[in-house]
Structure formats: C-alpha cells, structure tokens
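*Asks:* Take this sequence and fold it.
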Amino acid sequence: MLSQKRDSPSRVLKGTVPFSQPDEKWMALAIQSARKGIKKSAGGPFGAVIVCGGRVIAVAHNKVLQKRDATCHAEVNAIRLASRKLKRFDLSDCVIYSTTEPCPMCFSAIHWAQIGKVIFGTNIADVQKRGFHELSISSRKMKREGKSPVSLKAGFMKKECLALLVEWDQKENKKVY
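*Replies:* Below is the predicted model of the structure:
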C-alpha cells in the first residue's frame, strides 16, 4: 500500500470525493490526450483523466484500433492505469474526467471501480452523429436503473470537447467503429 503521508490523499468516506468543483485543467489534459490518440490513429476522439486528492493519477486516450481491442476505451484505460499506480481497485476517492459521456461499458467499469464522480463534456448522441456504434443508454439512465452512487456532471467544457469531434470529422482515413 502507498504511504499515507506522501503518496496517498487522505481517505474519505466511500462514495465521496475530496473536492466538488470540476477543474478545467484536468479536462484540458483529457482533451490533450484525445488529440494525441487522434494523431496516432489509435482509436476514436476520446480522452480521460483520473484525479485523486488534487493530483493526476492517470491520463489515457482511446486505443481500440491500436490494440485491436474493443474494450480499450479511454475511461477503461485510465482505470487500469490508476489501479496499477495506486495498487488498488477501489478508486472511490477519485474523480474521472472524460471528453465524452461514458458508454455503458465504461460507466459499468467506473461503477465497479467505485469512482465517486464522473465529469464529462459531450454526450452519447454527439458521437452517434459521427457514426460511432454507441448504445443509446445514457449514464444518467445507467445510474438510475442500476442504483449507482456515482455522481455525474454533464456538459463540462462541452464546447472544447465538441471541437475534438470536429477535428475527428475532418480527419482523413479515420475508422469509425
């Protein structure tokens, strides 16, 4: 386990997070990671950042095409990185920033990792318009139907996140899946 003084934020009650206001610098990192993925043709225009105790723990982008693995969404990649770095699966004291609303698979992974809060920019309908094979099940519906304690903040820096999708629209030789 990480030393409590130096490496780990103070523990908080399960299902809560150490801060409540979203921070633009964390979403900017998610956007930057998504752009990196677009340039590398690693996958779709999606990025995620996990923050714990005011520190970045993981930054990831979609790698579905690069890894030839349908589960390599930005959120899942970020959860894997954060769990390895923190040496635990319980991320209840963390917040995840995602450039787009988590799909049902990603929302489920967030729920199972017990992440306390999800902050996202664009929504599922925004990426469906671009041809992505998304299920039309919102995170709000997943939360409600599954009785998940995950807190949601939608539309955060939506304009900047939509700009990623426009960049994707203009990319030549893109592969939509």
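
*Asks:* Return the distance of the helix ranked longest in the chain from the chain's centre.
*Replies:* Longest helix in the chain, counting residues (DSSP state H): helix 24-40. How far helix 24-40 lies from its chain's middle: 11 Å, per Cα atoms, centre = their mean, to the nearest Å.

*Asks:* Also stretch 164-177?
*Replies:* That offset, for stretch 164-177, works out to 19 Å (Cα atoms, centre = their mean).

*Asks:* Could you work out the end-to-end span of that stretch for me?
*Replies:* 17 Å (Cα to Cα, to the nearest Å).

*Asks:* Just to check, residue 161 is in contact with residue 99?
*Replies:* Yes - using Cβ atoms under 8 Å, residue 161 makes contact with residue 99 at a distance of 4.6 Å. C-beta here means a position set from N, CA and C on the backbone, and glycine is covered the same way.

*Asks:* between the two, which one's more packed in?
*Replies:* Shown here are residue 161 and residue 99; by other Cβ atoms under 10 Å, residue 99 has more neighbours (33 against 26).

*Asks:* list the helices and strands the helix or strand where residue 159 lies packs on?
*Replies:* Here residue 159, judged by DSSP states H and E, is contained in helix 158-170. If contacts are counted by 3 or more Cβ pairs under 8 Å, 6 or more residues apart in numbering; DSSP states H and E, helix 158-170 sits against helix 24-40, strand 94-100, strand 117-122, helix 124-128.

*Asks:* Only the buried residues of it, if you could.
*Replies:* For helix 158-170, burial by neighbour count (16 or more other Cβ atoms under 10 Å) applies to 158, 160, 161, 163, 164, 165, 168.

*Asks:* cool, and stretch 71-90?
*Replies:* 72-83, 86.

*Asks:* Adding secondary structure as columns, could you present those residues in CSV?
*Replies:* Listed next are the buried residues of stretch 71-90 as CSV, based on DSSP: H, G, I helix; E, B strand; the rest coil:
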residue, secondary structure
72, coil
73, coil
74, helix
75, helix
76, helix
77, helix
78, helix
79, helix
80, helix
81, helix
82, helix
83, helix
86, helix
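
*Asks:* ok, back up a step: now do the shared contacts for residue 161 and residue 99.
*Replies:* Common contact partners of residue 161 and residue 99 (Cβ atoms under 8 Å, 6 or more residues apart in numbering): 27, 31, 120, 121, 122.

*Asks:* Which among these count as buried?
*Replies:* 27, 31, 120, 121, 122.

*Asks:* Pipe those residues into JSON lines and attach pLDDT per row.
*Replies:* What follows is these, written out as JSON lines (pLDDT from 0 to 100):
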{"residue": "27", "pLDDT": "97"}
{"residue": "31", "pLDDT": "98"}
{"residue": "120", "pLDDT": "98"}
{"residue": "121", "pLDDT": "98"}
{"residue": "122", "pLDDT": "98"}
